[in-house]
Every structure is written in C-alpha cells, then in structure tokens.
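**Q** Any chance you can model this:
(chains A and B)
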Amino acid sequence: MYQDGWIPTVCYQCKAECAILARVENGVVKEVKGNPRGRGKACVKGMAGITSLYSSERLKHPMKRVGERGSGKFERITWDEAMDIMETKLTELRDRGEAHKFTYSMFPHSVTDPKWRFVNAAGGFISTGLPHCDSGKIMAMMHTFGCFPNHHIAPMYHTVPKGGLMILSGRHPFGCLDDAAVPSYILDAKERGAKLIVIDPIYRTEASKADWWIPIKPGGDASLFLGVCNYLLLNDLHDKKFCDKWVREGDMDGLMAYIKDKTPEAMSKICEVPAEDIIKLAKMVAEAPSACIDAFKSIMYGNAMDWGQAWSIFLVITGNLDNPGGQPLPDIAPMAPVEPVPPAPDVTELGYHRSGNNREKFDNYNFFLQPTWYAAQAIKDDTLKVFFASECNPAMSEMGSGEWRKAVTMKDENGDYKLELLVVTEIMPSETMKWADLVLPDQTNFERWELLYMPWWYNFGHGTALCQPVVDPIGESRHANRVFIELGKRMFPEYFAFKDDVEYYDIELSGVGMSVKQLQENGGLWSPGTAGFRKYEDDGKFNTSSGKIELEWQMYEDIDQKWPSPELPLEYRRGEDEFPFILVNFRTIFLNNTGAWSQNNAQLRDPVSGLDANPCLLNPIDAKKLGVADGDTVTMASSTGSVEVPVMLTEKIIPGCAGIIHGFGQTMGKVASRGKWIGDNELIADAGSTLDEQDMRGGEAHVSTRVKIYK
Amino acid sequence: MRQLSIMVDLDRCIGCKTCIVACRNHHEIIDHENDQPGAMANYLRVESKLEGTYPELREDYWVVMCQHCKKYPCAKACEYDAITKDPQTGIVLIDKEKCTGCGECIEKCPYNVIQFNKEDLYAHKCNLCYDRVTHGLDPVCVEVCLTGALSFGEKEVLLMQAEAKGKQVIKKMSTQSIIYVKKA
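**A** Numbering: from 1, shown residues only, chains lettered A, B, ... in the order given. Model (predicted):
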C-alpha cells in the first residue's frame, strides 16, 4: 500500500516531534534520519522508534479489564464493544448533568487536535501535561508581555549572535526536548563566539560544554536574577531606551523601588552563588549584544511564578524580547477552523477539577487546561468520574503518582469505583494501563496521520508538519485521533461532519493555502521560513490590556504579590531538619521521561544505547557524613513516600542535594528485566493535596521535595 | 597511504548515543521485535571521562568504534584469513563466509569492539559503512551525528582540517586510524 524509499514524516518518541525521514523497504521501516527540509536531525529516541513499531509487545487489539484495577488482567474485546462502553458511560454522564466530570489527559499535537475537539463536544475538560511543566513561565510571560501561551518557547539558538549569551538555568536542552537540532545550534553558536552559561545544581553534559558553570542551590534562580537586575538597574546598565518606549508608565519606578534591596550580596545568601559571580554575570549581560534564558526544571518548583516574573523582568530591562538571540514571542499559523467548532466548557461556571474545594481561591487562575496530577484529588472529591488517557502515564510519571494509583481504586459505599471509567490508549504495555478498564491499541508515528502546528515545541507557531503513515498498521491498532473522531460521529455528528482525520487536516491546512497532498509532495513541511523579529514594533503594542509591558502584576495586589519574592521554593523552606536533602530530578536524552511510549523501548533501556540505571547521585562530602559508600543501597524518604535505591557518588552534584532521573522505573514489559528501579514521583506529593500559594497563580508544578537518606 | 577515517571532535560530542542506534538500524544488527535490552550488538559505544573535584570539573565524551588498526591484531588472531585490511580504503573487513566463529579476534581486539552473533556463529563489527562510503556517502554515524562531532574522509585530509580549525589531535587516543581531536 505504501511506497518504498525515504518518506517524510514526524517523529513521536518525545514531544519535540522532529521532522524526520523514514526509510521503507518492502513495506518495512528500516532506518530513520532527520528531514533535511526541517532541521535535519533526529536523536537516539527517534532512531529507536523502529523498535517501538515492531516490538513483540505491541498491543494489537482492544482489551477490557476482568480483574480489579491494578491487577493487569484483561480479556480481548472488539472495537465495537469498546466504542459501546465509552459511548454508554459518556451518555450516562451527560444525561445526569455531569458531562464536565469527564477528563481526557493527553498531549495535544495542535490546538485543534481531534481528541480535544471530542472533549469539548462531550462537555469535558482537557487535562494535559503541557501547561504544568513550565506553566510558571507561560503564565509569567502572558502576564508581563502578553505572549501567546505556546508550550515551552525556547530561545532560537540559531539566531544568537557572536558575543550573545545563552543562559541555561535549570535546563538540559541536550536532552532534545525542543528539537534534535538544538544541541548542534547551541554548539554552532558557541563556535561563532556566543557564550554558554549553565546555572545548575548538577553538572550535566551542557555544563561540560559551557564557558561557565554556576552551581546554584535548587530554586535559587529567582534570587540570582533579581541580584543581576539590581546591579544592572542601579548601575544604569539596562536598556533604558527599550524600557522608556515599551514598559507601562510607572512600572519602572515601581521596579526601582522594589529592586533596591535585592542586592547581589543579599541575593547571594539565598541562592548561594557568590555575590561577585552575580556581579560578573550582570556585567557580561550588560556587554553582550543579546542574552536569552532557558529554564525548565527550575520553573517547576513552588516559586515558579516568582522565578517567571524575575525572568520576565530580566528580559525586559535588557531589551531581549523577540530579537535575535533573545526571547522569541511566537505566534500561531493561521489554520482554518473546522466549522462548526464545539464550544469549550465554561470553566467560570463549572470550575476546574483541580480547584476542588478551593474553587473560590482560583479567581486569578486563567489558564485553559488542567494538569493530570489533580486527577487524584478530583476523584476523591467526586468531581472526576470518567478519565481517558493518551500519550501520558499518570501511574508513573506524574507528581503524586502513588496517590493517583490509590485514587483510581477508591470505592464508594456501594463498592463501586469512585472513578467510573478509566480508558487508556497505548502502544505498548504501560504502568497506567494496569489500572485501566479499557485498553485501546494505539499506533506509532509510523502508522498514523497527525497535523502538527501548535504547540509543537520548537515550532514558534509559524509552521506545520505532517505525520503520515509510512507502513501498514500493526494488528487492530487504531490511532486515538481516529477512535475519537469515530466516537464523535456517533455521539455528536454535528461536530464531526468531516469524512476522517485526513479531511479534517485538509480543511485546517486550507487556511495557509495547503492540503495534505501538497504537504506530502513537498517534504511534509510548510513554513513561511521566518519567525520574525520585534513583531511588537509592527503591531505598535504588546498583547496586554495596557498594550505595554506590565512588570508590576497588579492583579495580585490583594495577596501582596505584585513583585516577585526572591525566596527559595516553599517546599525547600520547610522540613529541612527532618529532610536535609533537596531532591534534584533531571532528564536525559535516552528517555522520554513523561510519556509511556518510549519508556518500554528496549533500545533505550539497553546499557550501551540507552539508560539502564537510575541511582541516587550524592556528592562524596554528603556520603561521608552519612557513612554511605558507592553502591550502597539506601532509603530515600520524603514526607509522602519512600524508596530503596543504590547510591552513586559523584562530584557532579552539589552537596546537600540528591539527584535522580525523572520518570523511570517501568515494571511492565521486557525493559523490566533490567532490574527494579524507581522514579522520582514516588517521593512527590500529589499536588492537589498540598495546595500552595503558587497554585492559585498558575505556577502549578511541584516536581521536587526534600528527602532524607539513610542506610 | 590509503586510509579512510572518522574524526571525533570532543568539543562537540555530547555522548547522546544517536550514532549507536542509527548504526544498528542501518546494519540490521537489531531484531526490533525480540531483542532484549542488555543483549544487543553494537558497533559503537560512548565513553566519557570526568576530571577534577566539585566545583572545578571537566568532562569529555567520545565514541569508540573499530579503529581500523594499522597492524590489526584481529587479523593476526584469525587462522582462517577471514579478516583483511582493504588495500583501497584501509578499512578492516571481516569476511562472514570465511569466519568460523572461533572468537579469537574478539579476544585479541584491544578496543573490545568486535561483536559475536551467537545464533549463526560469526564475528562482525564496524566496516566504516563500506556499502555507503564506496558510493559517495558518509558512514551512517557521521551522517546522523546530532552535533556534527564526527567527520569522515581521508585521514590526512581530516588531519589538515583539524589543524585549520585549531583542533589538536589527542595522540593517546588516536594511535590507529580513527582520530580524536579537541580545541588546543
């Protein structure tokens, strides 16, 4: 059915979704490489995608649970039976006026992902990992300069000029979560004279290539950059012309008054970076033609909104907005709507599941999605009754995963599960699947159609890529988009009047004068070829209510948060005596840490080609104090969980921290044969049960905690 | 001298392992359906070295593949003349038909890069993508390298390129036909 040769499509071994070519020979995928019409790179995960496609562990037909949730016992059913089960439950929910108690947790591939359309038509909420990773950054930038809420708007490293600064503050872009071309772009920029500065409590590959590694206390990023801003402003080293023109009247005066006591010396006491290094960094920034910051882990802590605001202030006072080497302000490709568009549920009226009993406190929370990790709390509160999941793995890779597993098995007084239906679409066995009532066999990126344009990570919203099937599907697998288009046709035909996914994408592509066929014939990609610079000058304004940059967050006046707090995250400021170590959880290129679909890839668990172990990293100084030797098994315990794990001593982590890789520890499938390991989320509380001030403002992620370590 | 070579730039290698999996795919030394992690053949591996104590650290990453040795001990160990150094390219090749699977070459390889197929009993290893380079293509590892850390060509030309870029050959690591370089 499909042609042989190098066929353009899109990788989906992680959310970066790089444009690739797949070499097909006699209907079999043999090789993968980057699409030269795109950025031309594919990483180790992408290369290993073929193993996901052909693994003997592929799920080949729909299954229904026959034992208790968690027992992993299933029987084969037909697709018709599976569709009937979903239709019956969702109809029942709607008929009893509880349609909004349905949530679908997914990674949307565009803002008009067909699954999202289905959720809107059904009156449910979309729940996604997308906002929570770096929602502090997204919310901060929306508040400050009104950017489009694209997920993870990394700097465009290929635009960094000679002498420009690339600052990675708790970010590991060599892990290729932006695009597989990013490591090369960063190293190319360095070769043309840009400087790489890595601020990190752990010395990773990025630090090994950096011009300067600045070890920092986790969560100290806000204080460090407030110290930098203090030095720049008090020494008149900021971009006065830019600020005069674009910052809202009065905000610079407010900033000057606020920043006065955030001296490098004062901030040094919080972040533990020497004051002279804070000053040195400020001077480098003042002299550089551009500076950009990327942060990821550091923006997921309990001071995320403070760090996000400090970061935004830094970008503004240095004039690094939408300039080469600065912070891009993406926009979205003008795709055509597929009419009629189902309306999204009214969150003002219905409230988010996450808000639970604290609904009245969420007045200022205006993001349009909700994170998966509130599911546990919502189940307990009876505000979540039907949960679907695609391309996510809440039983293992979400904060409070233990609490999630507990919640999905909770029963009411009649002995029925409080969560009435749990459906998982999955390519291979996953942790989450074990708890599901229905398991639907999904397709890999080599077997399915998908149109990517937003929030595709390194896309900047100005292009589109086509994922197209290059081989016949395995077994009875069906792509989740097709499943929910079909279910949509049954339940809400008015919103699913198009023929299939391809026609849906055709209609959308007509907005840019394209079609699926035209993309197929033109390398699978469309882009105007420029993201543009300083677009606010063309518009004459920023997308804020005042049209200017709003440094002061006046909406938080009543909670005294108009300006950022320099303090460490709340979770590090409590329990230090009992839990002396800060957990540093980080990512690696060999694993898609959050989604299930590369966690059970045999090549990525092979010790030569992947990641085979996840020990607790400790500095020898700490090990000596604890009386722990390399290889010893220790208990790591937080206030909500404990795990046993071997220790690896390394100079690469700062004293006082314990390092572990995020999203590891699959117990299903052949990868589990490599030994029992654990993931960081076993130690982290369900955030719904520890609602803090940051949650009210959108800095919703709690990915770390304090731990104690003992033999 | 006729010697094709790969130059590994330690300033750019990030140890990402992309080359390892791309090489497996291209040479079809992986059974995607059934292979278990920990029991897969590989023609390359990543190595690294950390120096210093916190916070003054330095770490380098590089890949090790068949070094296509000048005096190739694997061939000397082979009683069946299955291993030769191709006179036109300098590539060390194992003739699968002649190989009896005795495993002597694996024992003698100082770089520990020769793999053994347990099912069909033969030794195999990196052939510098002989099937590609003789048709004008780079070896797969070079083509897919995420950071452009690998370059391919005649050894003498690569050495000239290294010098022009201000890179120093790491002599200890570059005693055979694969060159390892770093900024001076």
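**Q** Just the pLDDT for the residue most central in space within chain B.
**A** Nearest to the geometric centre of chain B sits residue B:65, at 2.1 Å (CA atoms, centre = their mean). You'll see residue B:65 listed with a pLDDT of 98.
**Q** list the contacts for it?
**A** By CB atoms under 8 Å, 6 or more residues apart in numbering or on different chains, the contact list for residue B:65 reads B:6, B:43, B:44, B:45, B:113, B:126, B:141, B:178. From N, CA and C alone the C-beta is placed, and that goes for glycine too.
**Q** can you do 10 Å?
**A** Residue B:65 sits next to B:6, B:8, B:19-20, B:23, B:42-45, B:111, B:113, B:125-126, B:128, B:139, B:141, B:150, B:178 when contact means CB atoms under 10 Å, 6 or more residues apart in numbering or on different chains.
**Q** can you check residue A:506 too?
**A** Listed by CB under 10 Å, 6+ apart, the contact set of residue A:506 reads A:336, A:338, A:451, A:498, A:499, A:500, A:514, A:515, A:516, A:517, A:518, A:519.
**Q** Likewise for residue A:547?
**A** Residue A:547 makes contacts with A:146, A:246, A:248, A:536, A:539, A:540, A:541, as judged by CB under 10 Å, 6+ apart.
**Q** measure the fourth one to residue A:248 for me?
**A** Note on residue A:536: its distance to residue A:248, by CB to CB, to the nearest Å, is 13 Å.
**Q** between the two, what contacts are shared?
**A** In contact with both residue A:536 and residue A:248: A:542, A:547, A:548, A:549, using CB under 10 Å, 6+ apart.
**Q** Return the members of these classed as buried.
**A** Buried subset of those (neighbour count, 16 or more other CB atoms under 10 Å in any protein chain shown): A:542, A:548, A:549.
**Q** Generate a markdown table for those, with pLDDT and secondary structure as supplementary columns.
**A** Formatted as a markdown table, those follow (pLDDT from 0 to 100; DSSP: H, G, I helix; E, B strand; the rest coil):
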| residue | pLDDT | secondary structure |
| --- | --- | --- |
| A:542 | 95 | coil |
| A:548 | 98 | coil |
| A:549 | 98 | strand |
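**Q** Residue A:105 touches residue A:432, doesn't it?
**A** Yes: judged on CB atoms under 10 Å, residue A:105 makes contact with residue A:432 at a distance of 9.3 Å.
**Q** who touches both of the two?
**A** A:389, A:392, A:393, A:394, A:398, A:424.
**Q** ok, the last one - contacts?
**A** In this structure, residue A:424 makes contact with A:59, A:63, A:105, A:387-390, A:392-395, A:430, A:432-440, A:442, A:480, A:596, judged by CB under 10 Å, 6+ apart.
**Q** for the fourth one, same thing?
**A** Listed by CB under 10 Å, 6+ apart, the contact partners of residue A:394 are A:105, A:127, A:129, A:371-373, A:375-376, A:387, A:400-401, A:404-405, A:407-408, A:424, A:430-432, A:435, A:594, A:596, A:681.
**Q** ranges for the helices of chain B?
**A** B:18-27, B:73-77, B:104-108, B:130-133, B:140-144, B:155-164 (DSSP state H).
**Q** for the first one, packing partners?
**A** Helices and strands touching helix B:18-27, as assessed by 3 or more CB pairs under 10 Å, 6 or more residues apart in numbering or on different chains; DSSP states H and E, comprise strand A:28-34, helix A:44-47, helix A:49-54, helix A:602-605, strand B:45-53, strand B:56-64, helix B:130-133, helix B:140-144.
**Q** closest one to residue A:650 among those?
**A** strand B:45-53 (7.8 Å; CB to CB).
**Q** Flag every buried residue along that closest one.
**A** Buried residues in strand B:45-53, counted by 16+ other CB under 10 Å: B:45, B:46.
**Q** what about residue A:83, which helix or strand?
**A** helix A:79-95 (DSSP states H and E).
**Q** out of the helices of chain B, deepest packed?
**A** For those, ranked by mean neighbour count under the definition mean count of other CB atoms under 10 Å in any protein chain shown, the leader is helix B:18-27 at a mean of 26.
**Q** Kindly calculate the angle that that one makes with strand A:28-34.
**A** 150 degrees (axes from the mean of the first three to the mean of the last three CA atoms, to 10 degrees).
**Q** got the angle between helix B:18-27 and strand B:56-64?
**A** 10 degrees.
**Q** Determine how far helix B:18-27 lies from the middle of the whole chain.
**A** Offset of helix B:18-27 from its chain centre (CA atoms, centre = their mean, to the nearest Å): 12 Å.
**Q** ditto for stretch A:180-199
**A** Relative to the centre of its chain, stretch A:180-199 is centred 22 Å away, using CA atoms, centre = their mean.
**Q** end to end, how far does that stretch reach?
**A** 22 Å (CA to CA, to the nearest Å).
**Q** Is chain B within reach of that stretch?
**A** Yes: using CB under 10 Å from any CB of the partner chain, we find that stretch A:180-199 touches chain B at A:180, A:181, A:182, A:183, A:184, A:185, A:186, A:187, A:188, A:190, A:191.
**Q** Show the average pLDDT along that stretch.
**A** So the average pLDDT for stretch A:180-199 ends up being 97.
**Q** What residues sit buried inside that stretch?
**A** A:180-190, A:194-199.
**Q** follow-up on the earlier one: nearest to chain B, of the contacts of residue A:506?
**A** Nearest to chain B out of these is residue A:519 (CB to the nearest CB; 24.1 Å).
**Q** burial measure for the closest one, as a count.
**A** Using other CB atoms under 10 Å in any protein chain shown, residue A:519 has 21 other residues around it.
**Q** all helices for the stretch 101-250 of chain A, in order.
**A** Along the stretch 101-250 of chain A, the stretches classed as helices by DSSP state H, counting those that start in this stretch are A:114-122, A:129-145, A:182-191, A:205-208, A:221-234, A:240-246.
**Q** What average pLDDT does the second one get?
**A** I take that to be helix A:129-145. Mean predicted confidence for helix A:129-145 is 79.
**Q** distance between the ends of stretch A:387-405?
**A** By CA to CA, the extent of stretch A:387-405 from end to end equals 13 Å.
**Q** Next: stretch A:247-264.
**A** End-to-end for stretch A:247-264, by CA to CA: 24 Å.
**Q** buried set for that stretch?
**A** A:247, A:248, A:251, A:252, A:254, A:255, A:258, A:259, A:262, A:263, A:264.
**Q** could you list every residue that touches the last one?
**A** Same thing as residue A:264. A:223-224, A:226-228, A:230-231, A:234, A:273-282.
**Q** Of the residues you listed, just the buried ones, ChimeraX syntax please.
**A** Restricted to buried positions by 16+ other CB under 10 Å, the ChimeraX selection for those reads:
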select /A:223,224,226,227,228,230,231,234,273,275,277,278,279,280,281,282
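**Q** The residue nearest to the spatial centre of chain A and residue A:663, how far apart?
**A** Note on chain A: the residue nearest the mean C-alpha position is residue A:133, at 4.0 Å, using CA atoms, centre = their mean. According to CB to CB, residue A:133 and residue A:663 sit 12 Å apart.
**Q** Name the residues contacting each of these two.
**A** residue A:594.
**Q** List the buried residues for stretch A:3-14?
**A** Of all the residues in stretch A:3-14, those buried under the rule 16+ other CB under 10 Å are A:7, A:8, A:9, A:10, A:11, A:12, A:13, A:14.
**Q** of these, closest to chain B?
**A** residue A:13 (10.6 Å).
**Q** Please identify the helix or strand for the residue lying closest to residue A:511 once chain neighbours are set aside.
**A** Using CB to CB, 6 or more residues apart in numbering or on different chains and skipping the chain neighbours, the partner closest in space to residue A:511 is residue A:336 (3.5 Å). Residue A:336 belongs to no helix or strand when assigned by DSSP H and E.
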